[in-house]
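>>> got a predicted structure here, sequence first:
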Amino acid sequence: MSNHESTDEAPSNFVRDIMEADRESGRVSQIVTRFPPEPNGYLHIGHAFAVNVNFSLAAEMGGRTNLRFDDTNPVAEDTEYVEAIERDIAWLGFDWGGEALYASDYFGQLYDWAEQLIRDGKAYVDSQSIDEIRAGRGSFHEPGVDSPHRDRSVEENLALFRKMRAGELEEGEAVLRAKIDMRSPDLKLRDPLMYRIRKAPHHRTGTEWPIYPMYDWAHGQSDAIEGITHSLCSLEFVNHRPLYDWFLSALGVESPPRQYEFGRLNLAYTVTSKRRLLQLVEEGHVDGWDDPRMPTVSGMRRRGFTPEAIRAFCDRLGVSKRDGVVDFGMLEYEIRRDLNERTPRAMGVIEPLKVVIENYPEGEVDWLECRLHPEDDRHGTRKVPFSREIWVERSDFMEEPFKKWFRLAPGREVRLRYAALITCTDVIKDDAGEVVELRCTWDPDSRGGAPKDGRKVRGTIHWVSASHAVDAEVRLYDRLFTDPNPGGHEDKSFLEFLNPESKQLRPGAKLEPWLGTLEPGTRVQLERQGYFVADEIDHREGAPVLNRTITLKDTWAKLVARGQG
């Protein structure tokens, strides 16, 4: 699909088809899904897609979605991540109907079930080292080898497992394994680990548990406890499904949940590996998890993306059974489309150049009545001051213009947006030869920008009254990577493709006066510049800090076409 293509045709969604069939057949009376993040990092755009799939489909079917943290690894987890994940999901517009749930809520039940499997001869304590267990698992071409402890008695296994639980064994001394089939062609069914000893404090349970369940043991059983009907996972979990089903069957769970896998969202010019995102943060390549260049939900929020645009992007993709890479421009299209409808307009000069209108009366100010949105009167109007001295964009002036240059140049006439026509009469330079000021004249009969004699003026530029302007810092953000697949090069680190121009600071920007009163998080379009948002952390009234969300047009595609991206 092209960057700007739209269609009214509903995208494919095989999961919706399954849910509808399950309801019609009576297999389920209410759809119940869950979103199960591990609290070891911030949510990113791929998670946002999974959140949208789970919550939107359940809501569409009149069901519900649980937010459950799979907090089974105390070493990597933190309440910071829990709070960030809850905040991000709520910001995306989804409600999990009460308190969040945790796999740690079920540690007692999971332990009891593990003892049940031991008594049923379906689990045993293995005292081999992890390296020995790994070596004995075999490979795709070689069968596994039974552990020398595989035939321990039920009594011995229970005694050892209870010692693990009591903290009487040290890390690495023992693990609990399911007893399935060491010669299975499916390596995950070759006596997988269920519990390991880890004497680290947990963010919720403290030091109560010296043993922690493995993901495959905790996941399906947590689904069963919660009455999940459709356990939706991305495709990398497809080879976990036989084990997911085996555990539920071995426990005799009635009406067990079913796992379905869908293609994950991979976005061009982005990395979504938690390991790589953490590396970007810890090594200082970005300014934290919420850096506006990051593909995290918190980063996108700080950048000025809207939850509505992100959800529209996810809906447009549909749900398929294959992984794929999505053009970044597709997300940008939804961002632009949404912001165009909701954001008021204003003028701001990012790289200012002083203009003195010599024949404009000194001390006079003309307050122009301008619409805040050209197509939506609900936004109202704003008062824009026009005076003798103004700021214009330095890039809107060229001393020796080329043939089709329609902006400011010596002897050239241009239109000041909303105000009047001016003609450049003189160029003032400093000792180094840099242009520091332009002298111009204006046509008083062109108030409002339309000359009375009807002459055609092709160039229109934005401006800000110098005596009324608010000083601001503007941060120009762009894609973090220059390569569409930065993590896909075996011979190169993804860090080699960091875009050195992804963040540019403009501390001397000049804005219309009303922009000095913006609240953090307020979005605005700076005419001819792009969409911006008042930074939710650094912005202050009277000292604006604006982050560029996105340019007005897809300039990146043009740069790539020219070999400059």
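Sure thing, it's come through.
>>> pretty sure T343 contacts R523?
Yes - assessed by CB atoms under 8 Å, T343 is found in contact with R523 at 4.9 Å. For glycine as for every other residue, the C-beta is placed from the backbone atoms N, C-alpha and C.
>>> joint contacts of these two?
The overlap between the contact sets of T343 and R523 (CB atoms under 8 Å, 6 or more residues apart in numbering) consists of Y531.
>>> L193 - how many residues pack around it?
Taking other CB atoms under 10 Å as the neighbour definition, L193 ends up with a count of 17.
>>> correction: the previous question concerned D535.
Applying other CB under 10 Å, we find 20 residues neighbouring D535.
>>> and for G284?
Residues near G284, counting by other CB under 10 Å, number 8.
>>> quick check: it is in a strand.
No - counting by DSSP: H, G, I helix; E, B strand; the rest coil, one finds G284 to be coil, located in no strand.
>>> and the pLDDT at it?
G284 is assigned 97 on the pLDDT scale.
>>> just N13 next, same as before
89.
>>> what sits closest to it if chain neighbours are left out?
Excluding the flanking residues, the one nearest N13 by CB to CB, 6 or more residues apart in numbering is V319, at 4.4 Å.
>>> helix/strand/coil for the residue in the chain sticking out farthest from the centre?
Using CA atoms, centre = their mean, the residue of the chain lying farthest from its centre is D453. It sits 52.5 Å away. Using three-state DSSP, the structure places D453 in coil.
>>> so what's it up against?
D453 makes contact with D445 under the criterion CB under 8 Å, 6+ apart.
>>> could you measure from it over to L408?
Applying CB to CB, to the nearest Å, the value for D453 to L408 is 21 Å.
>>> and if you look at L110?
With distances taken as CB to CB, L110 is found 71 Å from L408.
>>> which one of the two has more residues nearby?
Using other CB under 10 Å, the more surrounded residue of L110 and L408 is L408, with 28 against 21.
>>> on the strand side of things, show who the more buried one bridges to.
F397 (DSSP bridges).
>>> isn't it up against R394?
No - in this structure L408 lies outside contact range of R394 using CB under 8 Å: 9.9 Å.
>>> can I get the CA coordinates of stretch 267-274 in PDB?
Extracted C-alpha coordinates of stretch 267-274, given in PDB (Å, rounded to 0.1, in the frame of the first residue of the first chain):
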ATOM      1  CA  LEU A 267       8.000  -0.800  11.000                       C
ATOM      2  CA  ALA A 268      10.700   0.300   8.500                       C
ATOM      3  CA  TYR A 269      13.400   2.700   9.800                       C
ATOM      4  CA  THR A 270      12.700   1.400  13.300                       C
ATOM      5  CA  VAL A 271      14.000  -1.200  15.900                       C
ATOM      6  CA  THR A 272      11.600  -2.700  18.400                       C
ATOM      7  CA  SER A 273      13.800  -5.200  20.100                       C
ATOM      8  CA  LYS A 274      13.700  -4.400  23.800                       C
END
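>>> so which bits of it are buried?
Within stretch 267-274, the residues that count as buried by 16 or more other CB atoms under 10 Å are L267, A268, Y269, T270, V271, T272.
>>> give me the buried positions along stretch 20-39.
So for stretch 20-39, counting by 16+ other CB under 10 Å, buried means D22, R23, V28, I31, V32, T33, R34, F35, P36, P37, E38, P39.
>>> separation between the third one and I18?
With distances defined as CB to CB, the gap from V28 to I18 amounts to 10 Å.
>>> what do you get for the fifth one?
Counting by CB to CB, the gap from V32 to I18 is 14 Å.
>>> which residues do the two both contact?
Common contacts of V32 and I18 (CB under 8 Å, 6+ apart): H230.
>>> which of the buried residues of stretch 20-39 fall in helices?
Applying DSSP state H to the buried residues of stretch 20-39, the entries found in helices are D22, R23.
>>> I422: which element?
Using DSSP states H and E, I422 maps to strand 420-429.
>>> C-terminal to that strand, what's the next element?
Sequence order places strand 435-442 as the next helix or strand after strand 420-429, per DSSP H and E.
>>> who does whatever helix or strand comes next after that following strand touch, helix- and strand-wise?
Note on strand 435-442: by DSSP H and E, the next helix or strand toward the C-terminus is strand 460-461. Using 3 or more CB pairs under 8 Å, 6 or more residues apart in numbering; DSSP states H and E as the contact test, the elements touching strand 460-461 are strand 413-416.
>>> quick one: strands adjacent to the strand it packs on?
Partners of strand 413-416 in the sheet, by DSSP bridges, are strand 420-429 (antiparallel), strand 460-461 (parallel).
>>> ranking those strands by burial, who's on top?
Mean neighbour count (mean count of other CB atoms under 10 Å) peaks for strand 460-461 among those, with a mean of 20.
>>> any idea how far that one is from the chain center?
Centre-to-centre, strand 460-461 and its host chain are 35 Å apart (CA atoms, centre = their mean, to the nearest Å).
>>> parallel or antiparallel, list what pairs with the next helix or strand after it.
Proceeding N to C from strand 460-461, the next assigned helix or strand is strand 463-465, under DSSP H and E. Using DSSP bridges, strand 463-465 pairs in its sheet with strand 389-393 (antiparallel).
>>> average pLDDT for the strand it pairs with?
98.
>>> what do you get for stretch 428-441?
pLDDT averaged over stretch 428-441 gives 96.
>>> so the nearest residue to P39 once chain neighbours are set aside, which of the three states?
The shortest distance from P39 to any non-neighbouring residue, by CB to CB, 6+ apart, is to Y81 (4.1 Å). Counting by three-state DSSP, the backbone at Y81 sits in helix.
>>> okay, now Y81: neighbour count?
Using other CB under 10 Å, Y81 has 21 neighbouring residues.
>>> show the contacting residues for it.
Taking CB under 8 Å, 6+ apart, we find Y81 in contact with P39, N40, G41, Y42.
>>> by neighbours, which of those residues wins?
Of all these, the highest neighbour tally under other CB under 10 Å goes to Y42, namely 26 neighbours.
>>> next up, the contacts around that one.
The contact partners of Y42, by CB under 8 Å, 6+ apart, come to Y81, A84, I85, D88, L277, W289, D290, T296, V297, S298, G299.
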